[in-house]
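**Student:** Mind folding the following:
(2 chains)
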Amino acid sequence: MLMTPVLYPELDTFLKWIRESLSRGFQPFAFFGTCEAFIYCLMGKAGELELACCPFPPAGRYPSLSIDFPAFQIFERELFEEYGIVPIRHPWLKSVRHPVNTQPAIEDYPFLASESPLIHEVGVGPVHAGVIEPGHFRFLMRGEIVEHLEIQLGWQHRGICAMLCDGALAQKMYIAESIAGDSVIAHGTAFCGIVECLSGTEARAKHIRTLLLEMERVAMHLSTLSALAGDVAYIMSQNLFAAIRTTVINSTLSICGSRFGKRALCPGGVNYALTQDLIEALKTKMKYCALQIQNTAEAMFASTSLLSRFDDTGKVSTEDVIRYGFTGISAKASGVPIDSRVDFPNWQYPAFLVQTESTGDVFARAHLRYVEAMQSLDIIQELLKRIDPQSPICTETASFSPNQIAVSIVEGARGRVLHIAKSKDESTALWYKIYDPSMVNWLALSLAVQDEQVSDFPLCNKSFDLSYCGSDL
Amino acid sequence: MINILFFIIFPLLFMGIIHRVKAIMVGRKGKPISQNMRDFLKLLRKDEVISTNATLISRVAPAGALAATICAALFVPFVNSNSVLSFRGDYIMVVYLLSLAKGMMVLAALDSGSSFQGMGTSRELSFTAFLEPAFFLIIAAIIFSVGTGSISELFARQSITYLRIWDVFASLFIAVALYIMLLVESCRVPFDDPSTHLELTMIHEVMVLDFSGFSMALIHYTSALKMFIYASLIAHLAVPANNIWWYLGILIFIYLFTGVLESLMARFRMNRNLELVLVPFCIALLTLAVLLAKNMGAW
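**Tutor:** Below is the predicted model of the structure:
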């Protein structure tokens, strides 16, 4: 949607506005600096968004918000990294993505250290075994117990935001699709939303987009469930979930020719129509998947040896979710029902209830994924009934109206995917900001593994299933 | 002679049974049973990458561990219930030859200087601390029931005969205790996960993380042989002496059962592991106590 920011010329009034909207139950959705030397802040709660901006503080410093509202910590670090604006008394001020030339090399990077003889450090990564993205995890351990985990990402920083601003935005679909390779549809739709807003185009084929997004969600949840079972050496569910996931992503393949949904979307609509035959085939396939998932999950959640690993491991409390502003599965598993599909309904969803779990442990996140996948399959069946194969699938996007700010919110499999951009002229963007849910949620992992066995870390990590490249950008 | 041939050829082939069963259980075809053997032969021809921190220990340890394990295997009854070497009380020799092999690997693991290795070593050694007394208690229970001798005599004499109800009891309990020891010592699910790629959850695998090529081949073979030794002892415990077909049948059953168990169970949480490693110790203690009580006329 298009938004006009409220301009606060004074920093004090800007910060006051932030504090005031936090007290009204808003959460920080985005907080960033731009090349126009303005700090923007997007606050949101269910169905409501407020955008305000303020010029950079003249001294390049301002009192940190993170002390009182830790949800700002990652945003303030990003602002510090990109524009050198120092939040005074920020609890742990260091760069987010570690860009070259502006920060020390990784060898003398300031990690939290301890002088205690009881504590030893274990560093894992950035190169991992298996199919894991690069990220460095620094554990402070007391024996086998994790005292503190510090996560350092940024190894896949590609400068996507800058790339999107370089040239005509509407042609950058292929870049938006590579923000996170497993959330192609989520980021793709968010990008299309921005282009369509800025150009005032009404998108076609929203049903098909929603369908693809839900299929991506099912596939992602299945792959996480599979990996969770694999992490505790429960090979039965590991293999079965992986096999069902293949069926789901192969269905995406039958729609658009890519298992991850690349080239499926374009600004203005979608690239591939569904034929009646395909719709019928998808209905049967998805029904089959639902049955398989149910059988596998019921067996899995009945296994006591597996439950003894999942239960009570990696807890995140409801208070922490609200304090730190976590989103997606991480929030819903702790009983906070935030879901952009319901909160910002720019979508073609049949009515559904946001599912939550209450315990906030690995079991809650795993079980919620199962429940959500089943729900998504119901939604998919409903959408398949509604899709009209004859209707047009795409429309031309017009040129942009300059100096407009557009916000686009999509609920990806991991949570709230948020894109926000300002148009410069008829075709290009002045700035473009991307917020993958992983960026804020990484802290949830750090909190979850505190006082846990270090050998449970991979399990906790997988239960959040966060994206490395999505937060590296 | 047949024993030597047997334990040279079959350990890796029997490991193949576990992999095959696991694959079939989850609906895959699985690799052929001979694949482990082929991997072993391939690794023998490969070059090694050695850590710059490593000293001589890292180079000799895998070979030393293998040599110690083979020496231990010489005392153990395989298909022929008379072992190649034996003397009265050689079970102590066997236990410490196996410990020597483990000690070598521990030194080699610490030698590479990685923090993972230290972590894995401490985990592995904490298991050993409980398993060693368990093994001696098992031996004590057998000696109590059939009189002293060499390890091959002990395990050949002790067997399930329906005529002597106490033998059935003792053999079954000891077999269970030994089987749990087998799972722990050869790093199987539910104690360890040999197929994981996550260093933080590994126990045995993380100790050998820095080895490759020829050394890795020796390490694979050593751990397969160790499992084979335990499986063979259990098989001898469970069948009347010198019945080769029963022996082979039970041996295959043990490997099949391990495969099925691994398919149906998740691994334990690391801090629960230690409690469960105590189980063989307790079973052996219980068996010994019951036998003692019986002998003193409690029944």
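**Student:** What segments of the stretch 151-300 of chain A are helices?
**Tutor:** Counting by DSSP state H, counting those that start in this stretch, residue ranges of the helices within the stretch 151-300 of chain A are A:160-165, A:173-177, A:184-199, A:206-231, A:235-256, A:276-300.
**Student:** quick one, which of these is nearest to chain B?
**Tutor:** With Cβ to the nearest Cβ, the closest approach to chain B among the helices of the stretch 151-300 of chain A belongs to helix A:235-256: 3.9 Å. Every C-beta, even on glycine, is put in place using the N, C-alpha and C of the backbone.
**Student:** Does chain B have contacts with stretch A:438-457?
**Tutor:** Yes: using Cβ under 8 Å from any Cβ of the partner chain, stretch A:438-457 reaches chain B at A:453-457.
**Student:** ok, which residues in the stretch 301-450 of chain A are in contact with chain B?
**Tutor:** Near chain B, when you scan the stretch 301-450 of chain A using Cβ under 8 Å from any Cβ, you find A:303, A:305-306, A:308-309, A:313.
**Student:** Turn the helices of the stretch 151-300 of chain A into JSON lines, including distance to chain B and mean neighbour count.
**Tutor:** Converted to JSON lines, the helices of the stretch 151-300 of chain A look like this (distance: least, Cβ to the nearest Cβ, whole Å; neighbours: other Cβ atoms under 10 Å in any protein chain shown):
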{"stretch": "helix A:160-165", "distance to chain B": "29", "mean neighbour count": "18"}
{"stretch": "helix A:173-177", "distance to chain B": "28", "mean neighbour count": "19"}
{"stretch": "helix A:184-199", "distance to chain B": "25", "mean neighbour count": "27"}
{"stretch": "helix A:206-231", "distance to chain B": "7", "mean neighbour count": "25"}
{"stretch": "helix A:235-256", "distance to chain B": "4", "mean neighbour count": "20"}
{"stretch": "helix A:276-300", "distance to chain B": "9", "mean neighbour count": "16"}
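**Student:** Let me have those in JSON lines, adding distance to residue B:174 and mean pLDDT as columns.
**Tutor:** Listed next are these as JSON lines, based on distance: least, Cβ to Cβ, whole Å; pLDDT from 0 to 100:
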{"stretch": "helix A:160-165", "distance to residue B:174": "63", "mean pLDDT": "88"}
{"stretch": "helix A:173-177", "distance to residue B:174": "62", "mean pLDDT": "89"}
{"stretch": "helix A:184-199", "distance to residue B:174": "58", "mean pLDDT": "90"}
{"stretch": "helix A:206-231", "distance to residue B:174": "34", "mean pLDDT": "90"}
{"stretch": "helix A:235-256", "distance to residue B:174": "30", "mean pLDDT": "90"}
{"stretch": "helix A:276-300", "distance to residue B:174": "34", "mean pLDDT": "90"}
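**Student:** Tell me which of those helices lies nearest to residue B:58.
**Tutor:** Closest to residue B:58 of these is helix A:206-231 (Cβ to Cβ; 29.6 Å).
**Student:** Which elements pack onto the closest one?
**Tutor:** Judged by 3 or more Cβ pairs under 8 Å, 6 or more residues apart in numbering or on different chains; DSSP states H and E, helix A:206-231 is in contact with helix A:184-199, helix A:235-256, strand A:269-270, helix A:276-300, helix A:362-386, helix A:457-464.
**Student:** so which of the ones you listed gets nearest residue B:99?
**Tutor:** Counting by Cβ to Cβ, residue B:99 lies closest to helix A:457-464 out of these; the figure is 30.5 Å.
**Student:** now that closest one and helix A:362-386, what's the angle there?
**Tutor:** Here the directions of helix A:457-464 and helix A:362-386 differ by 30 degrees (axes from the mean of the first three to the mean of the last three Cα atoms, to 10 degrees).
**Student:** need the residues of the stretch 101-250 of chain B near chain A, please.
**Tutor:** Residues of the stretch 101-250 of chain B lying near chain A (Cβ under 8 Å from any Cβ): B:115-116, B:119, B:123, B:189-190, B:193, B:195-201.
**Student:** ok, now with 7 Å
**Tutor:** Contacts of the stretch 101-250 of chain B with chain A, taken as Cβ under 7 Å from any Cβ of the partner chain, map to B:115, B:119, B:189-190, B:193, B:196-201.
**Student:** Tell me how far the residue located most distally from the centre of chain A lies from chain B.
**Tutor:** Distance from the C-alpha centroid of chain A peaks at residue A:117, with 38.4 Å (Cα atoms, centre = their mean). According to Cβ to the nearest Cβ, to the nearest Å, residue A:117 and chain B sit 15 Å apart.
**Student:** how close does that residue get to residue A:142?
**Tutor:** In this view, residue A:117 and residue A:142 are 10 Å apart by Cβ to Cβ, to the nearest Å.
**Student:** For chain B, which helix extends over the most residues?
**Tutor:** helix B:115-146 (DSSP state H).
**Student:** From the centroid of chain B, which residue is nearest?
**Tutor:** In chain B, the residue lying closest to the centroid (Cα atoms, centre = their mean) is residue B:227, at 3.2 Å.
**Student:** So it: helix, strand or coil?
**Tutor:** Three-state assignment for residue B:227 (DSSP: H, G, I helix; E, B strand; the rest coil): helix.
**Student:** Excluding residues flanking it in the chain, which one is nearest it?
**Tutor:** In space, and not counting its chain neighbours, residue B:227 is closest to residue B:186: 3.6 Å by Cβ to Cβ, 6 or more residues apart in numbering or on different chains.
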